[in-house]
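>>> how does the following fold in three dimensions:
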Amino acid sequence: MTDAASGAATRSISAPPIGRLLRVGLVLLITLVALEAMSVATVMPVVEQDLGDLALYGWTFSAFFLGGLVGVVVASSAADRMAPWIPVACALVVFVAGLTVAGLAPSMLVLVMGRALQGLGAGALPAVAFVCVGRAVPPAERPRVLAWMSSAWMIPSVAGPLLAAWVAETIGWRWVFLGLLPLCAVIGPMVVVGIRAVPAPPDDTAPRNIGGALAVALGAGVLLAGLGAGQWWLFVPGVVIGLVILVPSFRRLTPVGTLRAAVGLPATVASRGLLGMAYHAVDAYVPFAVITVRGAPPIMGGLALLTASGTWTIASWAQVRLVHTIGPVRLVRIGFTLMALGSALMVAVLSPSVPVWTALVAWGIGGFGIGLAWAPITQTGLAAAAHGQEGRVTTSLQLADMLGIAIGTGVAGAVLATLADSTGRDVPGLVITFVAGGVISLFGASLATRLGVARPASVETALVGGH
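Model prediction:
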């Protein structure tokens, strides 16, 4: 398909009334994933108190994102070979299966398995959504559409934590999972209808990277298992074998130079991974710090996440205007820096002398930071995608994101469990986790200039040269 033909097709798809259906479908899709994420994160301390096994607490998040690694690659590759609504429909079925397993789990290990299934489906859904944005939305409209997709987190951020905390305290945490099943039955068909207008690519040249995705997930899983092992004779081989499997597989699925953050698309992909790692390594343990360490009720942990999601949404809309005035590089740098500040303030929240509501302020700053940085990184990556190959760039961005989150939350969980066993206290592990999140954020800020964007008007052309 020629550039002129692809441009005409994009304008046709994005025009009313199809454009409205597409946008509604994309927003509903992100809303469903967001509601699950906000609800589950809020009640995990309650789940741990019921099922026990603190050593697997971090795995409830890591398994979700490791499953997401596979979902991202499978769905993105499929979307480059067929109409996007097909992988979306399949992902919804897997997502529902994961909710069912987790809701009925008799142990933390079974819950982890259910979370892996949820991640497989939840990772696929946003991945296809970004493919739809790259294929069906004109470049000039992408910042606004991405802002709407970020805003889809707002209602789940308000309703999810509060409702999940109430459900956990009244009828039990299991219904936080099982209660989402009717919502999936309503939203699922609406999402499929909304994105049916997005066509398949003009040719079937997408690589089949399922094996590579499985290898990345396996390598990351072995690495995290090794890091969480209490004995050195398990730690060393676990880390070595995990890296041997993980690193080559990750390199094959991402642009050349991603691991060294080479200027252009590689640095964009690397920054996306660092963003997810720094933010979610802290975010996953904010409710734990508030509820378990500070002894606040579950609703306070939910409010901390709610505040962060609210500021994330506000920042997402602010960047729509700012990206055209100050440019994506400065936005990414400022965003990472604010995340570092929020992480540092979360360390202070662990002190009994600091009011527990300070967590809302601290992580609200972190949420504003990721809101400023996330969309500029994403749209910069999408600008590099040729028509019909949006899934390849989406795969790289989402893969780095999921891997960063899985490693960040998994390592944090291993550190927390190990230090809790050796010291009998949760605070030392949380301090290390929050400090590490801040350090990673500062490192991400230092890489912002390597995104390869010289000035706001040249976002798309600059990335082409970065391949």
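
>>> in stretch 278-296, what counts as buried?
278-294, 296 (16 or more other C-beta atoms under 10 Å). All C-beta atoms are positioned from the backbone trio N, CA, C, and that covers glycine.

>>> ah, wrong one, I meant stretch 193-203
Buried residues in stretch 193-203 (16+ other C-beta under 10 Å): 194-198, 200-201.

>>> same question, stretch 319-339
Buried, per 16+ other C-beta under 10 Å, within stretch 319-339: 319-320, 322-323, 327-339.

>>> name the surrounding residues that touch that stretch.
With C-beta atoms under 8 Å, 6 or more residues apart in numbering as the test, stretch 319-339 has contacts from 143-144, 147, 271, 274-275, 278-279, 315, 365-366, 368-377, 379-380, 437-438, 441-442, 444-445, 448-449, 451, 453, 455-456, 459.

>>> what mean pLDDT does that stretch get?
Taken as a whole, stretch 319-339 has a mean pLDDT of 90.

>>> restricting to C-alpha, output it in PDB.
Extracted as PDB, the C-alpha positions of stretch 319-339 are listed here (Å, rounded to 0.1, in the frame of the first residue of the first chain):
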ATOM      1  CA  GLN A 319       1.500  16.800  27.900                       C
ATOM      2  CA  VAL A 320      -0.900  17.100  24.900                       C
ATOM      3  CA  ARG A 321      -0.200  20.900  24.800                       C
ATOM      4  CA  LEU A 322       3.300  20.800  26.300                       C
ATOM      5  CA  VAL A 323       4.700  18.300  23.800                       C
ATOM      6  CA  HIS A 324       4.300  20.800  21.000                       C
ATOM      7  CA  THR A 325       5.900  23.600  23.000                       C
ATOM      8  CA  ILE A 326       8.700  22.200  25.000                       C
ATOM      9  CA  GLY A 327       9.100  18.900  23.300                       C
ATOM     10  CA  PRO A 328       9.100  15.300  24.300                       C
ATOM     11  CA  VAL A 329      12.700  15.200  25.600                       C
ATOM     12  CA  ARG A 330      12.100  17.800  28.300                       C
ATOM     13  CA  LEU A 331       8.800  16.200  29.300                       C
ATOM     14  CA  VAL A 332      10.400  12.800  29.700                       C
ATOM     15  CA  ARG A 333      13.300  14.200  31.800                       C
ATOM     16  CA  ILE A 334      10.900  16.100  34.000                       C
ATOM     17  CA  GLY A 335       8.600  13.100  34.400                       C
ATOM     18  CA  PHE A 336      11.400  10.800  35.500                       C
ATOM     19  CA  THR A 337      12.700  13.400  37.900                       C
ATOM     20  CA  LEU A 338       9.300  13.800  39.500                       C
ATOM     21  CA  MET A 339       9.000  10.000  39.900                       C
END
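
>>> for that stretch, the distance to its chain's centre please.
19 Å (C-alpha atoms, centre = their mean, to the nearest Å).

>>> same question, stretch 52-72
On C-alpha atoms, centre = their mean, the centre of stretch 52-72 falls 13 Å from that of its chain.

>>> kindly provide the whole-number mean pLDDT of it.
Stretch 52-72 comes out at a mean pLDDT of 83.

>>> and it, which residues are buried?
For stretch 52-72, using 16+ other C-beta under 10 Å, the buried residues are 54-72.

>>> out of the buried residues of stretch 319-339, which are inside helices?
When these are checked against helices (DSSP state H), the matches are 319-320, 322, 328-339.

>>> could you chop the chain up by domain?
If you go by automatic domain parsing, the domain ranges for the chain are 3-208+254-464, 209-253.

>>> please work out which of the ones you listed is packed deepest.
domain 3-208+254-464 (a mean of 22; mean count of other C-beta atoms under 10 Å).

>>> show me the contacts for Leu382.
130, 133-134, 142, 390, 393-394.

>>> so for the residues you listed, which is the shakiest by pLDDT?
Pick the lowest pLDDT in these and you get Glu390, at 60.

>>> so where's the stretch 301-450 of the chain uncertain?
384-391 (pLDDT under 70).

>>> ok, Ile291 to Val236 distance?
The gap separating Ile291 from Val236 is 35 Å, by C-beta to C-beta, to the nearest Å.

>>> Val101 too?
In terms of C-beta to C-beta, Val101 sits 33 Å off from Val236.

>>> do the same with Phe443
26 Å.

>>> and Glu48, by the same measure?
28 Å.

>>> now do Gly226
The value you get for Gly226 to Val236, if C-beta to C-beta is used, is 7 Å.

>>> relative to Leu117, which of the ones in helices among the buried residues of stretch 319-339 is nearest.
Taking C-beta to C-beta as the measure, Leu117 lies nearest Met339 of these, at 29.7 Å.

>>> helix, strand, or coil at Met82?
coil (DSSP: H, G, I helix; E, B strand; the rest coil).

>>> so what's it scoring on pLDDT?
So Met82 comes in at 81 (pLDDT).

>>> pretty sure it contacts Ala200?
Yes: counting by C-beta atoms under 8 Å, Ala200 is a contact partner of Met82 at 5.0 Å.

>>> give the contact list for Leu26.
129, 132-133, 145, 148-149, 152, 194-195.

>>> closest one to Gly25 out of those, please.
For those, the nearest to Gly25 is Gly194 (1.8 Å; C-beta to C-beta).

>>> kindly check the end-to-end length of stretch 288-303 for me.
13 Å (C-alpha to C-alpha, to the nearest Å).

>>> mind checking which helix or strand Glu169 is in?
Using DSSP states H and E, Glu169 sits in helix 154-170.

>>> pull the CA atoms of that helix into PDB?
C-alpha atoms of helix 154-170 as PDB (Å, rounded to 0.1, in the frame of the first residue of the first chain):
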ATOM      1  CA  MET A 154      -9.500   7.900  35.800                       C
ATOM      2  CA  ILE A 155     -12.800   6.200  36.600                       C
ATOM      3  CA  PRO A 156     -11.200   2.900  37.500                       C
ATOM      4  CA  SER A 157      -8.700   4.800  39.700                       C
ATOM      5  CA  VAL A 158     -11.600   6.400  41.600                       C
ATOM      6  CA  ALA A 159     -14.000   3.400  41.700                       C
ATOM      7  CA  GLY A 160     -11.500   0.500  41.600                       C
ATOM      8  CA  PRO A 161      -9.600   1.000  44.900                       C
ATOM      9  CA  LEU A 162     -12.500   2.200  46.900                       C
ATOM     10  CA  LEU A 163     -14.900  -0.500  45.700                       C
ATOM     11  CA  ALA A 164     -12.200  -3.200  46.000                       C
ATOM     12  CA  ALA A 165     -11.400  -2.100  49.600                       C
ATOM     13  CA  TRP A 166     -15.100  -2.200  50.400                       C
ATOM     14  CA  VAL A 167     -15.600  -5.600  48.800                       C
ATOM     15  CA  ALA A 168     -12.600  -7.000  50.600                       C
ATOM     16  CA  GLU A 169     -13.800  -5.800  53.900                       C
ATOM     17  CA  THR A 170     -17.400  -6.900  53.500                       C
END
